[in-house]
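1. Just the structure for this:
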Amino acid sequence: MDAQGRGRADDIDPADQWVLNPNTGEYELRLNASRAQSSVPGQRRAADRGSREAVRNRSTAPGRRAPEAPGREVPPQRRRRTAPEEPLPGRRGRRPAKKKSKAKKAVMWTGGTMAFVLVAAGTAGYLYLKHLENNVTTTDVGDAGKDGFSKDEAFNILVIGTDKRTGAGNEGYGDKGSVGHADTTILLHVSKDRTNATALSIPRDLIVDIPDCPTIQEDGSEKVIPGLQDVRFNRSLGESGRNAGCTMRTVKEATGIQPDHFMMADFNAVKTLTTAVDGVTVCVEHAVDDKESKLKLPAGESKVEGEKALAFLRTRHSFGNQGDLDRIKVQQQFLGSLMRKMSSGDTLTNPSKLLSLAEAATKALTVDTGIGKVSTLKDVALELKKVPTKNITFLTVPVRDNPTEKVKATVVVDESSAPQVFQMIKSDTSFTEVKKKEAKEKAAVAARLKGEKADPSQVRVQVLNGGAPGGSAQAQLTYLQTEAGVTKSENAGNAGTTQARTTLEYAPDQADQARRLADIMGLSGSAMKPGKSVTNSQGLPTMTLTLGEDFKGAGVKLNSSSAATPNVEKSTADKAQCAS
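-> Numbers count the residues shown, from 1 in each chain. Below you'll find the model as predicted:
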């Protein structure tokens with residue numbers, strides 16, 4: 001190696017030539033400081049080669065400093081310590097190098113080589129991340145979503161599967177000429193503590209109101225697409241130029257739940273992702289031979305990938321009553337199996353599979369600009385990985401047949417059970433039993449609710465509205481004063497922020513008052529927040545009751561039977577199920 005030869009000629013160990021450039025913060029290969037480096041890496045100049053000795057002699061003459069390479073600051077090189085030698089007549093003598101031990105040379109060379117490997121790997125890793133980032137397609141949805149992603153908060157991602165027939169081999173699928181409707185839509189809620197997640201499927205034939213949708217055009221201008229009333233949910237995407245932001249707004253309108261981000265995939269995504277993980281295991285109770293989707297499967301378990309995986313997800317005439325609601329159940333079972341496969345050791349410890357998965361995922365996805373960077377997508381994936389598959393619940397928006405139709409083709413929200421499902425998601429409440437969370441809750445209840453309770457007439461509290469319907473603070477105050485005997489209470493207006501759950505903050509010496517109010521309100525131990533008191537209008541210390549989005553109405557206890565998990569059909573990602 002040329003650098004090695006020059007280093008030895010100058011009596012400098014080549015490993016010492018890897019130095020940290022203070023201007024860039026990276027290691028660089030430093031050649032002889034007396035010689036200007038070529039502007040092209042690896043290129044030698046004939047003039048440099050021909051005058052090397054002359055340059056060296058000038059640079060080492062008494063009273064002169066070696067010139068630095070142009071355009072960069074390089075620290076002076078270290079010289080070996082040598083024994084003195086008698087100079088030859090008429091010239092300045094060179095000192096013979098003291099031999100280093102082979103072991104020390106090995107250490108030095110290893111250090112230099114490792115520095116090179118680290119720099120090379122870091123550069124390659126950065127370039128590969130940029131390559132992956134270029135794979136991802138992004139859509140600016142404006143204020144329909146969030147600007148960034150927080151690893152410390154609960155988050156909602158709207159997963160959209162379109163019926164657009166882009167990609168080789170997809171000409172025979174979907175509606176001919178489809179602009180890409182919201183064919184499959186799942187709202188994925190991940191809890192703040194990462195102990196659980198809920199995947200809520202939204203039927204494409206659900207009748208909804210699509211709100212007016214501001215969309216950002218290619219030239220940067222904004223166009224408002226007029227909304228629609230009483231139409232199928234799948235029309236919230238594609239039609240009239242509606243983008244994923246319109247679908248996000250429609251979800252908010254229909255459920256009250258705000259999606260933070262979206263991820264959208266087409267038919268190709270199913271094929272490439274399932275191939276990247278070497279297939280997904282599915283199960284059917286009866287053999288399938290579907291002429292519409294071309295799916296053929298024996299009874300029991302099978303592994304599907306590529307075209308067969310897409311056919312499995314598109315099949316509906318072979319399951320249940322051949323409708324979209326039964327196809328949703330099959331899709332949920334498939335996603336559960338895919339999650340198990342992606343989180344298995346076989347995938348996570350296989351570099352080849354991980355790279356294939358990264359390539360497939362980034363090429364297949366369209367996401368909002370808030371999570372459009374690969375580093376952000378990596379953060380999202382790592383947060384999702386924290387959730388145990390046994391605590392990932394799949395369920396569908398509770399619906400009933402559209403009463404205005406004679407031939408049942410569409411569905412509407414079931415108002416008897418859907419609002420509670422939506423509220424549980426909004427309040428970050430798990431649909432599964434999380435043992436760790438339950439144990440913590442029980443300990444909190446035991447510590448905070450156990451003990452003497454003050455007489456209601458001695459309870460001093462101010463009531464704030466922190467997310468409940470308008471007028472709730474006054475309504476609850478009236479109930480406390482006239483029905484519960486809490487006469488020393490007052491309305492403090494609206495809280496500064498909105499919160500999902502009702503809380504009661506109190507000072508340690510108000511614990512007996514807090515226990516009484518918790519009993520009246522049906523508050524859990526986790527809703528009680530030991531802290532500090534505030535001063536009421538009479539200048540006396542008082543507790544603070546903040547009504548959250550879970551507030552059910554004046555006089556209705558928060559732990560009443562209506563707070564139980566709604567009776568809806570659901571499944572979890574850890575259990576394999578057979579489609580029937």
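2. List of residues touching stretch 138-157?
-> The contact list for stretch 138-157 (CB atoms under 8 Å, 6 or more residues apart in numbering) reads 187-192, 213-216, 222, 243-246, 248-249, 257-264, 366-372, 376, 379-380, 383, 425, 428. Where C-beta positions appear, they are placed from N, C-alpha and C, glycine not excepted.
3. 6 Å instead?
-> For stretch 138-157, contacts defined as CB atoms under 6 Å, 6 or more residues apart in numbering pick out 188-192, 214, 216, 243-245, 248-249, 259-261, 367-372, 376, 379, 383, 428.
4. filter the residues you listed to the buried ones?
-> Using 16 or more other CB atoms under 10 Å as the burial test, the contacts of stretch 138-157 include 188-191, 214, 216, 243-245, 248-249, 259-261, 367-372, 376, 383, 428 as buried.
5. Is G470 located within a strand, as I assumed?
-> No. The assignment for G470 (DSSP: H, G, I helix; E, B strand; the rest coil) gives coil, which keeps it out of a strand.
6. pLDDT below threshold where in the stretch 401-550 of the chain?
-> Residue ranges of the stretch 401-550 of the chain with pLDDT under 70: 433-446.
7. Please, where are all the strands along it?
-> 411-413, 460-465, 488-494, 503-506, 528-530, 534-535, 541-547 (DSSP state E, counting those that start in this stretch).
8. Give me the helices and strands touching the last one, please.
-> What it means is strand 541-547. Under the contact definition 3 or more CB pairs under 6 Å, 6 or more residues apart in numbering; DSSP states H and E, strand 541-547 sits against strand 460-465, strand 503-506.
9. Let's have the ones you listed in TSV, adding distance to D512.
-> Output for the helices and strands packed on strand 541-547, formatted as TSV (distance: least, CB to CB, whole Å):
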stretch	distance to D512
strand 460-465	12
strand 503-506	10
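10. export those to JSON lines and tack on mean neighbour count and distance to T546?
-> As requested, these are exported to JSON lines (neighbours: other CB atoms under 10 Å; distance: least, CB to CB, whole Å):
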{"stretch": "strand 460-465", "mean neighbour count": "23", "distance to T546": "5"}
{"stretch": "strand 503-506", "mean neighbour count": "22", "distance to T546": "5"}
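11. Show me the one of those that comes nearest V407.
-> strand 460-465 (45.6 Å; CB to CB).
12. Now do the closest one against strand 541-547, angle only.
-> For strand 460-465 against strand 541-547, the angle by axes from the mean of the first three to the mean of the last three CA atoms, to 10 degrees is 30 degrees.
13. so what strands line up beside strand 460-465?
-> Under the criterion DSSP bridges, strand 460-465 sits next to strand 488-494 (parallel), strand 541-547 (parallel) in its sheet.
14. in the first one, what's buried?
-> In other words, strand 488-494. Buried, per 16+ other CB under 10 Å, within strand 488-494: K488, S489, E490, A492.
15. Quickly name whichever of those residues is closest to I202.
-> A492 (38.2 Å).
16. A447: what's its closest spatial neighbour, skipping adjacent residues?
-> G525 (6.8 Å; CB to CB, 6 or more residues apart in numbering).
17. what's around that neighbour, how many residues?
-> 17 (other CB atoms under 10 Å).
18. Next: the one 3 residues further on.
-> By other CB under 10 Å, 23 other residues sit near M528.
19. partner residues bridging it?
-> Applying DSSP bridges, one finds that M528 bridges with L504.
20. thought it was touching L504?
-> Yes. With contact defined as CB atoms under 6 Å, M528 and L504 form a contacting pair (5.3 Å).
21. Give me the common contacts of these two.
-> A514.
22. What residues does L206 make contact with?
-> F233, V411.
23. so what's T162 closest to, chain neighbours aside?
-> G180 (3.9 Å).
24. Can you tell me how far the one you found is from L338?
-> 22 Å (CB to CB, to the nearest Å).
25. for R235, same thing?
-> Taken as CB to CB, the span from R235 to L338 is 28 Å.
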